[in-house]
Structures are given as C-alpha cells and as structure tokens.
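Engineer: next input, structure requested:
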Amino acid sequence: MTNTNSNIVREGFYRRRVRRAVVTAALGVFTAILCGVMLYLGNTRYSPEVILRVLLGEEIKGAAFAIGTIRLPRMLAGLLAGMAFGMAGNTFQTMLRNPLASPDIIGVTSGSSVAAVLCILVFKVSGSIVSISAVIAGISVAFFIYALSRGGSFSGGRLILIGIGIQAMLNAVISFLLLRANQYDVPAALRWLSGSLNGMEMGDIPGLLTVVLLCGCLLVFFGRQLKILELGEHSAVTLGLRTDRTRLFLVISAVFLIAYATAVTGPIAFVAFLAGPIAGRMAGAGNSNTIPAGLTGAALVLLADIIGQYAFNTRFPVGVITGILGAPYLIYLLIRMNKTGGAA
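Structural biologist: Numbers count the residues shown, from 1 in each chain. From the prediction side, this is the model:
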C-alpha cells in the first residue's frame, strides 16, 4: 500500500514537471513569434532575411534605421518590461496568497508614477532623472507599505489594505499635480502615465536587461521558498524557513523589478496583475511559476502593443490595451471573492 501511494505521488510530481516544462517552452515560442512580428510590422515591411541581416550588424539602407533604431528597442523594451512585471506580480501574489496583491493594485507603481509626474510637471526635467526618481520612489513606497504592514507580525492582508490606501492617496496626488500643471506640460505626463513603448532607445535596454537578469535569477533561486511561504506563516516556520529574511529578499527583488520597468516604460496597467494567474492556470499548481509568469507578462505586453499599433485606425499606447484586458478580470475576481467570502 505504501509503495502504491509513493508511486502515485511520484507520477503526479513527474506529470506536473512535464506540464510545466511544456507550458514554459510553448510560452517561449509564442513570445519569440511575437518578437518577430514586432520587428516585421511597420510602415515598411522587410523580409525575414533582411531583418536577420540587420540584426547581425549589416548596414542596409532604410532597413537598418527602421529595424535597428526604432523596432528593435521597442521590442526589447516590451519583452524585458513584460518579464519584469510578470515575475514581480507573480511573486507578490504567491507570497501574500492573494490575487489582488499585485504591485499596480497595492501602490508600488503609483509611487514611481508620482515621482515621474513631479519631475515632468514641477521640476521640468526628463530622461534619466525621471527614471532614477521613479525607481527610488517606487522602492521607498514599497518598503514604507511593508514597514506599516508588519505591526507585531507580518500580515499579508494588512499589507494589501495599506497598499490600496496608499495607492488611492498617491493617485490623488497625481490628479492634483495634473490639475495644477501648465496645460502644455500635461500631455508629456499623460503619455508616461499611460504606459508606452514609444520613443524607446537602445540606451534604455542595458540597464533594464541587467535588472531583469539579476532580480529574475534571484526570484527563480528563491522559487522553492516562495512556494513554502504560500502555505502560510506558521507552516513555513514549522518547515524551518526563515520567513523574514526570505520575504525581504523576495520583496527587494520584486520591487526593484517593478520599479525599474515602470521607470523605463511607464506603469503598463494590469500586466503584473494578469501574468501570474494566467501562468498558474496553464502551468498548474505545485510548481514555482516565476519563469512562466515572466514569459506570460512579456507576451501580454508584446501582443497588446501589436494590437494597439495596428488593429485600429488610431494608435494606442500599450497600457491602454492592457488596461482594457485587465479591468474585466479585476471585476470578475472581485465578484468571485465576494461570493466565496474572500477566498482567492
């Protein structure tokens, strides 16, 4: 009987690993296809051969500028920012055991947004100063929320409620700044707030790539500990996990990912909120879904940008499309949680 149960557990574990590997590979292929589509689409469409030659460094008149200067930075920014949003959102949702615990729901991205709007509208600066300010503000707000949520002991529910309150306050500050600003400066701030890949340059990519690789590797490395935290505080401590230290590493990595990605592209709505649940449904339970969530986030951003740029007569920023996709899911989730008494 014992051997039979062991075989059943082993087979189930193997099936889950195979499923996760297949889903991750499929997401990788789909994301790669979307990257190719973004390089192909534009006012002038070049053959795959020409695109490959340009990527290999060959100077082809017209194509080198269109692909290497405009389309490639846009595609890479969407890919890396989407991965950052997806991995960070999945980390928060898993660690806090609540699908509402997304960085753009609990106020982390709002902190970056306030700093960016303040720089654009009040201090009249742009470029790297805006990005640095957004990163610092996002990290500061995240740790402020984390510190307030601790009390006597850490509480995920308390963190979410405090985060939602902080987000409401920061959004009010943004609205105040927009209302009091010079009308000629407002469009630049609104473009940033909408979340957009317009105007991306290759100079934006190395920093974003470095942050995604370093913080993403940390989140993957702590994937097992993250799944243990999902069991709850008491169970994690019983299993020997040093919860405070582990949670601190996870929060630092996830917050830095979301803050830096937001600084580069603006707050692309609902990607961090959607990527984790979608990846979880496809890859299944019992595994660390950090990599599938990152690929899902990248696919969402790339697909939304393609739709926003080419599916309508008017071109829309990527954040508008992801907002349209995410809002119905948020409403559905709230209705579902209300019916189940707050269960995730």
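Engineer: can you pull the contacts of Ile67?
Structural biologist: Taking C-beta atoms under 8 Å, 6 or more residues apart in numbering, we find Ile67 in contact with Leu39, Tyr46, Val50, Ile51, Val54, Leu55. Using the backbone N, CA and C atoms, a C-beta is placed for each residue, glycine as well.
Engineer: actually Gly89, not the one I wrote
Structural biologist: Gly89 is in contact with Ser102, Pro103, Asp104, Ile258, Val271, Ala272, Phe273, Leu274, Ala275, Gly276, Ala293, Gly297, counting by C-beta under 8 Å, 6+ apart.
Engineer: next: Tyr46.
Structural biologist: Here Tyr46 is in contact with Tyr40, Val54, Ala63, Ala66, Ile67 (C-beta under 8 Å, 6+ apart).
Engineer: quick one: low-confidence ranges for the stretch 201-344 of the chain?
Structural biologist: Low-confidence segments of the stretch 201-344 of the chain, defined by pLDDT under 70: 286, 337, 340-344.
Engineer: re the thing from before, and the contacts of Tyr46, which is closest to Asn289?
Structural biologist: Tyr40 (30.1 Å; C-beta to C-beta).
Engineer: ok, the closest one touching Pro48?
Structural biologist: Yes - Tyr40 lies in contact with Pro48 (C-beta atoms under 8 Å); the separation is 7.4 Å.
Engineer: more neighbours: which of those two?
Structural biologist: Shown here are Tyr40 and Pro48; by other C-beta atoms under 10 Å, Tyr40 has more neighbours (15 against 10).
Engineer: looking at the contacts of Gly89, which are in strands?
Structural biologist: Of the contacts of Gly89, none are assigned to strands by DSSP state E.
Engineer: and Met95, what does it touch?
Structural biologist: Listed by C-beta under 8 Å, 6+ apart, the contact set of Met95 reads Ala101, Gly156, Leu226, Leu229, Glu230, Arg247, Leu250, Val251.
Engineer: these: which two are farthest apart?
Structural biologist: Farthest apart among the contacts of Met95 - using C-beta to C-beta - are Glu230 and Val251, which lie 14.9 Å from each other.
Engineer: more crowded one of the two?
Structural biologist: Higher neighbour count among Glu230 and Val251: Val251, with 21 against 16, using other C-beta under 10 Å.
Engineer: surely the more buried one touches Ser149?
Structural biologist: No - contact between Val251 and Ser149 fails when scored by C-beta under 8 Å: they sit 10.6 Å apart.
Engineer: adding secondary structure and distance to Met87, write the contacts of Met95 out as a markdown table.
Structural biologist: Supplementary listing: the contacts of Met95 in a markdown table, determined by DSSP: H, G, I helix; E, B strand; the rest coil; distance: C-beta to C-beta, whole Å:
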| residue | secondary structure | distance to Met87 |
| --- | --- | --- |
| Ala101 | coil | 14 |
| Gly156 | helix | 19 |
| Leu226 | helix | 11 |
| Leu229 | helix | 16 |
| Glu230 | coil | 16 |
| Arg247 | helix | 16 |
| Leu250 | helix | 11 |
| Val251 | helix | 13 |
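Engineer: need those in a markdown table (columns: distance to Gly163).
Structural biologist: Below are the contacts of Met95 laid out as a markdown table (distance: C-beta to C-beta, whole Å):
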| residue | distance to Gly163 |
| --- | --- |
| Ala101 | 8 |
| Gly156 | 10 |
| Leu226 | 19 |
| Leu229 | 18 |
| Glu230 | 19 |
| Arg247 | 15 |
| Leu250 | 16 |
| Val251 | 12 |
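Engineer: re earlier: which neighbours do Val251 and Ser149 have in common?
Structural biologist: With C-beta under 8 Å, 6+ apart applied, the contact sets of Val251 and Ser149 do not overlap.
Engineer: any idea how many residues pack against Cys35?
Structural biologist: Cys35, neighbours per other C-beta under 10 Å, totals 18.
Engineer: which one is it nearest to, not counting chain neighbours?
Structural biologist: Met75 (5.4 Å; C-beta to C-beta, 6 or more residues apart in numbering).
Engineer: shaky segments in the stretch 1-150 of the chain?
Structural biologist: Ranges of the stretch 1-150 of the chain meeting pLDDT under 70: 1-9, 12-13.
Engineer: Ile291 versus Ala25, what's the distance?
Structural biologist: Distance of Ala25 to Ile291, computed by C-beta to C-beta, to the nearest Å: 11 Å.
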